[in-house]
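[1] Have a look; sequence and predicted model below, questions after that.
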Amino acid sequence: MKKKILFLLCILIVFTFTACGKEVERGENADMKEKLIESTSQKKIESDDSKVEKEKNENVRVVYFSATGTTKEVAGTLAEVLETDAVEIIPQETYSFGDLDYNNDNCRANKEMNDDNSRPDIKNDLNVVKECDMVYIGYPIWWGTAPRIIQTFFETYDLSGKTVYLFCTSGGSGIEQSVQDLQEKYKDVNIVSGKRFSEGVSEEEIREWMNEKE
C-alpha cells in the first residue's frame with residue numbers, strides 16, 4: 001500500500017513539474033512574440049519617418065548644363081543636400097568632343113561664344129522651374145563666362161521674382177565674370193551670387209556654401 005502511494009506521489013510530482021515547465025515555456029514564447037511585434041512596429045515607424053524626411057523640396061530646383069559630365073556630378077550632390085531634383089538642360093544638338101576643341105577657332109563652342117546673338121536650342125521642357133521660388137543654375141565656364149545655352153534658358157523661362165544662385169565647374173577660371181554678365185543681361189531676375197566648384201565636390205563643400213549664404 002505504501003509503495004502504491006509513493007508511486008502515485010512520484011507521478012503527481014512529475015506531472016506538476018512538466019506543467020510548470022510548459023507554462024514557463026509558453027510565457028517565454030509570449031514575451032518573445034511581443035518583443036518581435038514591438039520591434040517590427042518600431043522599424044515600420046522608423047521607415048515611415050525616413051520616407052517623410054526624403055520627401056522632395058518642391059520649392060527649389062537645381063538646373064544645370066553639363067557638356068562633359070563634371071557639372072552634372074556637382075548638380076547631383078547639390079540636389080541631394082537640398083533634398084530636391086536636379087534637372088538637366090539638354091541641348092537640341094549634343095556637343096561632341098570636337099565641338100569642345102577650344103584650340104580650334106572653328107569648333108562649335110568657340111563660334112557660339114564669339115557670337116553674342118547665339119542661343120543654342122534646348123531640347124527638353126524645363127517648365128518645372130515655374131513651380132518653385134528658388135533656382136540653382138549650374139554650368140561649366142566657357143571663355144571665362146557661362147555658355148550661351150544658359151542665356152537660352154534665361155530667355156525661355158520666366159525667372160522674374162525668383163531667387164537664383166549660380167554655380168559652375170572650372171579648373172581655374174572663377175565664376176565672378178559669369179555672375180556679373182548674367183546679372184547685367186537679366187536685371188529682372190534676382191541673381192544673388194555664385195560659387196565655383198572643382199571636380200569631385202563633396203557634400204561638406206556644398207553644406208559650407210549653404211552656411212555661407214545664410
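    Now that the structure is in, tell me what you want to look at.
[2] Leaving out the residues flanking it, which one is nearest to the residue nearest the centre of the chain?
    Taking C-alpha atoms, centre = their mean, the centroid of the chain lies closest to Glu80, which sits 2.2 Å from it. Among residues not flanking Glu80 along the chain, Glu203 sits closest, at 7.1 Å (C-beta to C-beta, 6 or more residues apart in numbering). Just so you know, the C-beta spots here come from the backbone N, C-alpha and C atoms, and that holds for glycine as well.
[3] hang on, that neighbour packs against Thr77?
    Yes: counting by C-beta atoms under 8 Å, Thr77 is a contact partner of Glu203 at 6.1 Å.
[4] related to what we said a few turns ago, ok, how many other residues are close to the residue nearest to Glu80?
    Glu203: 11 surrounding residues under other C-beta atoms under 10 Å.
[5] What separation is there between it and Trp209?
    11 Å (C-beta to C-beta, to the nearest Å).
[6] Next up, phi/psi of the residue nearest to Glu80, please.
    Note on Glu203: backbone dihedrals following degrees, to the nearest 10 are phi -60, psi -30.
[7] So the residue nearest to the centre of the chain is in contact with Arg207, correct?
    No: when contacts are counted by C-beta under 8 Å, Glu80 is not listed as touching Arg207 (10.7 Å).
[8] which element is Leu166 on?
    If you go by DSSP states H and E, Leu166 is part of strand 163-169.
[9] Contacts made by that strand with the rest, please.
    70-71, 74-75, 78, 133-141, 146, 175, 178-179, 182, 189-199, 209, 213 (C-beta atoms under 8 Å, 6 or more residues apart in numbering).
[10] mind checking how far the residue nearest to Glu80 is from Cys168?
    From Glu203 to Cys168 the distance is 18 Å (C-beta to C-beta).
[11] One more: Ala75?
    11 Å.
[12] list residues touching both of the two?
    Common neighbours of Ala75 and Cys168, counting by C-beta under 8 Å, 6+ apart, are Gly138.
[13] For Phe197, see how far away Asp188 is.
    From Asp188 over to Phe197 (counting by C-beta to C-beta), the distance is 27 Å.
[14] Strands along the protein, start to end?
    With DSSP state E as the criterion, the chain has strands at 60-64, 86-88, 134-140, 163-169, 190-197.
[15] Let's have those strands in a markdown table, adding mean pLDDT and distance to Thr94.
    As requested, the strands of the chain are exported to a markdown table (pLDDT from 0 to 100; distance: least, C-beta to C-beta, whole Å):
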| stretch | mean pLDDT | distance to Thr94 |
| --- | --- | --- |
| strand 60-64 | 97 | 15 |
| strand 86-88 | 97 | 12 |
| strand 134-140 | 98 | 15 |
| strand 163-169 | 97 | 18 |
| strand 190-197 | 95 | 23 |
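[16] Those strands: which one's closest to Asp99?
    Of all those, strand 134-140 sits nearest to Asp99, with 12.9 Å by C-beta to C-beta.
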